[in-house]
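Undergrad: Got a sequence here, can you model it:
(2 chains)
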2 protein chains.
Amino acid sequence: MGVHLQPAALRNDTLLRALAREPTGYTPIWLMRQAGRYLPEYNATRAKAGSFLRLAKSPALATEVALQPLERYPLDAAILFSDILTVPDAMGLGLYFSEGEGPRFERPLRDEAAIMRLAAPDPGAELRYVLDAVRETRRALAGRVPLIGFSGSPYTLACYMIEGSGSDDWQRVKEMRYARPDLLHRILEVNARAVADYLNAQIEAGAQVAMLFDTWGGSLSAADYEEFSLAYMRPVLAALRPVPSIVFTKGGGIWLESIAASGCSAVGLDWTVDPREARSRIGNKVALQGNLDPAVLAAPDASVREQARRVLDAFGAAPGHIFNLGHGITPNARPEAVAALVDEVRAHSTKLRASRA
Amino acid sequence: MGVHLQPAALRNDTLLRALAREPTGYTPIWLMRQAGRYLPEYNATRAKAGSFLRLAKSPALATEVALQPLERYPLDAAILFSDILTVPDAMGLGLYFSEGEGPRFERPLRDEAAIMRLAAPDPGAELRYVLDAVRETRRALAGRVPLIGFSGSPYTLACYMIEGSGSDDWQRVKEMRYARPDLLHRILEVNARAVADYLNAQIEAGAQVAMLFDTWGGSLSAADYEEFSLAYMRPVLAALRPVPSIVFTKGGGIWLESIAASGCSAVGLDWTVDPREARSRIGNKVALQGNLDPAVLAAPDASVREQARRVLDAFGAAPGHIFNLGHGITPNARPEAVAALVDEVRAHSTKLRASRA
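TA: Okay, the predicted model is just below:
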């Protein structure tokens, strides 16, 4: 492959056009966590790697699994296979996964000294394996569809860095926020710089879209969402090299107006948001991505198709919708249900758009 | 006490006036789960009872713990000490609690036959212990403050009845919703009838306000929230004897307009909702209850007071605000922080309202 230094021309740019709110013949679709445990071939590669983290840290295997869903389904984007928490891992916190428990850190931020020592990593050094995976996935895609790069948002990273693991109520994070907000701000400043550098390095390596997963911003009060999450995503978005960007705050439906004004190209919606209301609240300033309940993919095909049409009808035929789930695909999704979904989205959205024209 | 058949006149009706959106000299306050594990005296009584469920099923002990927070703090309401899941327990599902794991059912709804057999219990028989607790708590209050009765909402009950326990994603519930929505509707119809009968029996026994805890309505899509949760709370509210009612859907902030139009007197807000926006969205049709982040009560007093003022300022001095947390108080709340909160709410809201007059 060494001779092909110029990346292949993009043959399917439907996602990029939808992100730019340009007309497309159908609604593009990709699925958060589309390379995941619902796919037997993913589980086989993961078993070969030995663990999720070894899979994510091997550019060759990460490329392999990133392409698996595209072999099965005519999806309109690939997403880098990685984790939202690579940045704090590169900061030295020691990311690990214990079976069935989600991500954890060996060295969470437990004192002021550790917080003061925190520094943004050099993506070219400590996160080299991610950039290699971006380059290798981009090469393997050979222009089939665009590649989405991503990171956890500054606040979502801080949640895990402080708590040391996932949590229902983020007690340690909230304790810091209410007792020592200055320390939380300090962590967020470092995170914002680190995430901007990291996403720019991904873009330089070949990512054509950048996405911020603000998985836990929705656990904040309205005022704190602005102060501790959005205020640190804005500078990240402003610092990005010129590619389209997507911001997804789970539970952020009530704050849509301010998310849409953050500088992103598209807002990801979870399934609690009514797409008609979302569009009427934010107008045509940004594209919208979402928002099928992931639980639908465990249902019979007829129900999957019905719910897909319901979502498409609610978004309407205007440009600027990217079909997705309202959160990551779950391990109990049926691969056949995903096939039915992708098929129905293509067929129904083509009809919708034709009837509008 | 046998001779005092007429309940004592209410000496503090601030809550009832706020629920009716009448002017009050200060903002009334009570706290969801105010009789809870953060109080040493509660833990002592619970230890005496042997378990949470034996405590809830003993009218004498339930009365004792319901009054404990009022002995410590000048709160403006008492709430019945009970559980949101008493109704399905009375339907024969076998409620139990395993340490640190939340509520579970011994016999969750696992097949169509069980669902078809489901029937609304007779509150005077199977839920007699709750009505006795209402009567005894009301007598013990002797007119100090009003007594709030409550139940889980039809949908929230269905969640636990189908899943058998709490869940992050309610897979079994969603499976039924997408594969057999008719069965879910059948459960919800029975639940709505049962909850209406149950709340009316509580009101007849002495409850002066009725509250619906729709703890899991927020896990639904926007369209499904209307179809599976709100559509079954509306008939409950319409069937209630004439006392003020409060509906609290955790995560329901995006659907405020429809919740406010459900027939309730007040809408409970979780802490993700901006009170100014809530008021501008729903106007003056209903009172609003909330919405301090419960995590604040683990913070230092100065921070508690600051956050209390922030919430009060956001609701403003207009009538129709009941101060509360945005969800139940947590075991790590400091009892002294609760004292600071109640004190600050009284002082600051008195000042706010005086400056407005």
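
Undergrad: For residue A:248, pull up the helix or strand it's in.
TA: Element membership of residue A:248, judged by DSSP states H and E, is strand A:245-249.

Undergrad: Following that strand in sequence, what is the next regular element?
TA: Following strand A:245-249 in sequence, per DSSP H and E, is helix A:256-260.

Undergrad: where do the strands sit along the stretch 51-200 of chain A?
TA: Along the stretch 51-200 of chain A, the stretches classed as strands by DSSP state E, counting those that start in this stretch are A:78-79, A:95-97, A:103-105, A:147-152.

Undergrad: So for the helix or strand where residue A:18 lies, mean pLDDT?
TA: With secondary structure defined by DSSP H and E, residue A:18 is part of helix A:14-19. For helix A:14-19, the mean pLDDT works out to 98.

Undergrad: Enumerate the residues of chain A near chain B.
TA: A:169-171, A:174-175, A:177-179, A:218-225, A:251, A:253-254, A:271-274, A:277, A:291, A:293-296, A:298-300, A:303-304, A:307, A:310, A:314, A:326, A:330, A:332 (Cβ under 8 Å from any Cβ of the partner chain). C-betas here are computed from N, CA, C, even on glycine.

Undergrad: Out of those residues, which sit inside helices?
TA: Applying DSSP state H to the residues of chain A next to chain B, the entries found in helices are A:171, A:174-175, A:177-179, A:222-224, A:277, A:303-304, A:307, A:310, A:314.

Undergrad: just the strands in the stretch 251-357 of chain A please.
TA: Taking DSSP E, counting those that start in this stretch as the criterion, the stretch 251-357 of chain A carries its strands at A:266-268, A:287-292, A:321-325.

Undergrad: and of these, who's closest to residue B:191?
TA: If you check each of the strands of the stretch 251-357 of chain A against residue B:191 by Cβ to Cβ, strand A:287-292 wins as the nearest, at 26.7 Å.

Undergrad: And the closest one, what does it pack against?
TA: The contact analysis (3 or more Cβ pairs under 8 Å, 6 or more residues apart in numbering or on different chains; DSSP states H and E) places strand A:287-292 against strand A:266-268, helix A:275-282, helix A:301-315, strand A:321-325.

Undergrad: what's in contact with the second one?
TA: So the one you mean is helix A:275-282. Residues outside helix A:275-282 that contact it (Cβ atoms under 8 Å, 6 or more residues apart in numbering or on different chains) are A:253, A:256-257, A:260, A:267, A:269, A:288, A:290-291, A:311, A:314-316, A:318, A:321, B:222, B:254.

Undergrad: And the buried ones among those, selectable in ChimeraX?
TA: Those of the contacts of helix A:275-282 that count as buried under 16 or more other Cβ atoms under 10 Å in any protein chain shown are selected in ChimeraX with:
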select /A:253,256,260,267,269,288,290,291,311,314,315,321 /B:222,254
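
Undergrad: what's the burial count for the closest residue to residue A:105 other than its chain neighbours?
TA: Nearest non-adjacent residue to residue A:105, counting by Cβ to Cβ, 6 or more residues apart in numbering or on different chains: residue A:93, 4.3 Å away. Residue A:93 has 22 neighbours, counted by other Cβ atoms under 10 Å in any protein chain shown.

Undergrad: just residue A:356 next, same as before
TA: Residue A:356 - counted by other Cβ under 10 Å - has 11 other residues nearby.

Undergrad: Residue A:124 too?
TA: 12.

Undergrad: where's it relative to chain B, distance?
TA: Distance from residue A:124 to chain B, counting by Cβ to the nearest Cβ, to the nearest Å: 37 Å.

Undergrad: excluding its backbone neighbours, what's nearest that residue?
TA: Using Cβ to Cβ, 6+ apart, the closest residue to residue A:124 is residue A:201 (6.5 Å).

Undergrad: try residue A:166
TA: Counting by Cβ to Cβ, 6+ apart, residue A:166 lies nearest to residue A:102, which is 4.5 Å off, once chain neighbours are set aside.

Undergrad: that older thread, as TSV, the helices and strands packed on strand A:287-292 with mean pLDDT and distance to residue A:209 would be great.
TA: Converted to TSV, these look like this (pLDDT from 0 to 100; distance: least, Cβ to Cβ, whole Å):
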stretch	mean pLDDT	distance to residue A:209
strand A:266-268	98	9
helix A:275-282	96	20
helix A:301-315	98	19
strand A:321-325	98	10
